[in-house]
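Asker: need the 3D shape of this:
(chains A and B)
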Amino acid sequence: MSHSRGPKDTRRSLQTRFPVSPIIANRWSPRAFDPRMPEASKLGSLFEASRLAPSAHNAQPARFILTRKGQGTGYERLFACLDPKNQVWAHTAPVLALGAVMKRRFSQVKGDFVPYSHFMHDLGLAVMSILLQARAVDLFAHPLAAFDPDQARAAFAVPALYEPAIVLAVGYLGTDEALPQDVRDREREDRHRLPLEEILFEEDWGVASGLLTGPVDAA
Amino acid sequence: MSTELLRMVLAQFGDIEEWRLGDPELAAQLGYPRSFSAPIISDYATLFIDYTLDARDGKPVCHEVNGANAVGSDALTGDSSRRAKLEAQQAVNRSREFGLLGQDLRPSRGIVTIHAHQHWRWFRTGGEFYPRVDAFAEALRNHWPGHAIVPRSAGDALGDETVSVMVGDVPAIGERLAFDEQTRQLTVDGRTVVFVGNPNVLTELVRLGKIDGEALAPDHPAVRVLHGARLFTAVQDKVLQQVFFRDTAVRRLRTLTLPDRSNAVRVLRRALAVGPLVVKPNGTSGGAGVHVVTPAMADAEIETVLDRLVDDCLAKYGEGFEDVLFPLRAFEFVASTGFERAGGGHLWDLRVGLELQPGRIDAYPVSMRLTPAPFDPKTFHKDRAQWVSNVSGRTERLLYSGMDQAALDAVGLTAARMEDLFAASVTWAMRAWDAAGRGSGAVYEDRCELENPDFYPQQAFDTGAR
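Answerer: Got it, this is the predicted structure:
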């Protein structure tokens, strides 16, 4: 039985002081996926979204390897790279994708590769595009950092220029009934974020922003 | 195939001899090809870059970068089997990309590959072309054993084969191809084309009105099937080609673009202040429509040269070619260090071949081509034989192997200079590859970095991540 609740699912939405797009408000990283394989057009749209992400120098450093359960051997190879604590729930995802990032960028000016300080940042932008696009097409995506990048490099022949950096679990939202108790408990916990006051300052570090202290929409 | 078979047999008799220069033992002895790590290269391409040394200072300059329509891939081994393998691998990859392979990675329906050669009247490389197509088909047979992989000429009906390996001259192939707006794919009789070995096919399709020339970019489906698709823009744009030699051992030629005919003479006149100029049309090959203008020419003479350029192209490529002729490109004329023969010093160029595949570029010298007549700075503009070294359509022996040490010594191509050329060629290919993925030239940040190398100071922005 499908427990997909659609893109307007607000089960785990957070309260916000300012309204944000429902796509953002209703995104979270679930640990329970429905076994149904997402449609190819929807999966394609996720990576199309990543292609449109910004990057320094338009270097476009992100690369992804898509694996689908029951199709080829890629899924098993990638699953084997995951930390066991992630494996206990990630097996419910019908799709896993490996995200790799170019660690050095090619400089037109130098005619050679140069250090690329923002490569992880730019991969993050591409991944966030995927996470949001997933919600736009009724899917969820969960980024996982706990995996063995060396094993992934070997399993997928990732060239030296690229660093395996993230795994994405993707699918429709599923029921958490079958998850181990401790994971299910985590899945049902309230979500927490720092208050806006702690991450937004104005004029100087630590000074509360007028956005938070003044009248809304004051000139 | 009977007509094609006859042509295959007869083709070699009128061939230029470029394809006969390959010497595997010599190549191995000299350590060719030179292999370079090229981590950003993610697909397949074959390039040929024509260099010479400027007589004034002995520095290298590049006349032109050529794509897969050019010849020379047989210089290492005497055949083009290496190139055929790259072409076949690309065809396999595209087949998968287009969803034409089943779960077993074999074709699930009929597909077509295209190898097109020059128009019959100018075709002089059959001795290289046909064995390459044969090796290509053989590579596909090895990849997909048990499938029928059948050579077809452009005039043949397709049969029930899995892969139709179609050959023919550019006009015949152009007639046969269609662009399906619905599926956004090139087709022959409804079957998807997964490989096109010659970029001139696209120029022909634009001329025939089958595809919109304005829309052609590396990610256009009709470009995507080309061998060397990623470099399509750089190979077509003779001005952009020079940009990619920045800060290499190769001096960039001064260039200008003539967008249309209306003010071409006025623009050329201004540019002639630096000396004679070579004017080239867009999207041609084999030296077609290449002319020279000199500071001493009157405006009316320059007009006449431009008329002749247009007429040349119409004669070679047919009506409608004027639509793809512009923009014209003009370059400073460079007289090379002379190759002394009886009668005087001949101009020359050296062709360097590049084989691109994921992660790697292999470079090797192909051939040194001489002009038929010795160079005379006072009269050369009236005599193409003094300054055009392109050998298409010629049968005279004006050709040396790029591994012929005596020939290289004769013009000052030292071992160090050769290594410079290989390194510059690889840098060119990497720059062109990178730029094609980020827009045809440079992004805003590149321009900022060019003007101020500290625009993106590593020390300031380095977060410590590597």
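Asker: pull out the buried residues from the top helix by length along chain B.
Answerer: Looking across chain B with DSSP state H, the single longest helix is helix B:415-436. In terms of neighbour count (16 or more other Cβ atoms under 10 Å in any protein chain shown), helix B:415-436 has its buried residues at B:417-418, B:420-436. For every residue, glycine as well, the C-beta is placed using N, CA and C.
Asker: kindly report the same for stretch B:216-229.
Answerer: B:216, B:218, B:220, B:221, B:222, B:223, B:224, B:225, B:226, B:227, B:228, B:229.
Asker: quick one: contacts of that stretch?
Answerer: B:43-47, B:67-68, B:86-87, B:90, B:94, B:97, B:179, B:184-186, B:193-199, B:202, B:205-206, B:211, B:230-233, B:235, B:356, B:436-437, B:440 (Cβ atoms under 8 Å, 6 or more residues apart in numbering or on different chains).
Asker: which regions of the chain sit below the pLDDT cut-off?
Answerer: No chain specified, so I'll use chain A. Along chain A, segments meeting pLDDT under 70 span A:1-11, A:216-219.
Asker: that was the other one, I meant chain B.
Answerer: Applying pLDDT under 70 to chain B flags the ranges B:1-20, B:282-288, B:319-324, B:390-397, B:440-442, B:454-466.
Asker: find the closest residue to chain A in it.
Answerer: Evaluated by Cβ to the nearest Cβ, chain B has residue B:39 as its residue closest to chain A, separated by 3.8 Å.
Asker: doesn't residue A:158 make contact with that residue?
Answerer: No - the pair residue B:39 and residue A:158 does not pass the contact test of Cβ atoms under 8 Å, sitting 11.2 Å apart.
Asker: which parts of chain A are strands?
Answerer: Assigned by DSSP state E, chain A shows strands spanning A:62-68, A:95-102, A:104-107, A:112-115, A:140-144, A:162-171, A:201-202, A:204-208.
Asker: in TSV, list these along with mean neighbour count.
Answerer: As requested, the strands of chain A are exported to TSV (neighbours: other Cβ atoms under 10 Å in any protein chain shown):
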stretch	mean neighbour count
strand A:62-68	20
strand A:95-102	24
strand A:104-107	22
strand A:112-115	15
strand A:140-144	22
strand A:162-171	24
strand A:201-202	12
strand A:204-208	8
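Asker: distance to chain B for those - can I get that in CSV?
Answerer: Output for the strands of chain A, formatted as CSV (distance: least, Cβ to the nearest Cβ, whole Å):
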stretch, distance to chain B
strand A:62-68, 9
strand A:95-102, 8
strand A:104-107, 4
strand A:112-115, 5
strand A:140-144, 18
strand A:162-171, 8
strand A:201-202, 21
strand A:204-208, 19
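Asker: residue A:150 is nearest to which of the ones you listed?
Answerer: strand A:162-171 (8.1 Å; Cβ to Cβ).
Asker: the closest one: partners in the sheet, and parallel or antiparallel?
Answerer: Using DSSP bridges, the strands paired with strand A:162-171 in its sheet are strand A:95-102 (antiparallel), strand A:140-144 (antiparallel).
Asker: ok, back up a step: now the residue of chain B closest to chain A. Nearest residue, chain neighbours left out?
Answerer: residue A:161 (3.8 Å; Cβ to Cβ, 6 or more residues apart in numbering or on different chains).
Asker: my read: the one you found touches residue A:103, true?
Answerer: Yes - the criterion here is Cβ under 8 Å, and residue A:161 meets it with residue A:103 at 6.5 Å.
Asker: same for the helix or strand hosting residue B:151, what does it pack against?
Answerer: When elements are defined using DSSP states H and E, residue B:151 is found to belong to strand B:149-153. Identification of packing neighbours for strand B:149-153 by 3 or more Cβ pairs under 8 Å, 6 or more residues apart in numbering or on different chains; DSSP states H and E yields helix B:2-11, helix B:126-143, strand B:163-169.
Asker: list the contacts of it.
Answerer: So strand B:149-153 is contacted by B:1, B:3-4, B:133-134, B:137, B:140-141, B:158-159, B:161-168, B:172 (Cβ under 8 Å, 6+ apart).
Asker: how far off centre is it?
Answerer: Put simply, strand B:149-153 sits 25 Å off its chain's centre (Cα atoms, centre = their mean, to the nearest Å).
Asker: mind putting the strands of chain A into TSV with distance to residue B:273?
Answerer: Output for the strands of chain A, formatted as TSV (distance: least, Cβ to Cβ, whole Å):
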stretch	distance to residue B:273
strand A:62-68	48
strand A:95-102	44
strand A:104-107	34
strand A:112-115	35
strand A:140-144	60
strand A:162-171	49
strand A:201-202	58
strand A:204-208	58
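Asker: and the helices in the stretch 351-466 of chain B?
Answerer: Along the stretch 351-466 of chain B, counting by DSSP state H, counting those that start in this stretch, helices occupy B:405-411, B:415-436, B:444-451, B:458-461.
Asker: just the angle between the longest one and helix B:444-451, please?
Answerer: The reference is to helix B:415-436. Compare the direction of helix B:415-436 with that of helix B:444-451 by axes from the mean of the first three to the mean of the last three Cα atoms, to 10 degrees and you get 150 degrees.
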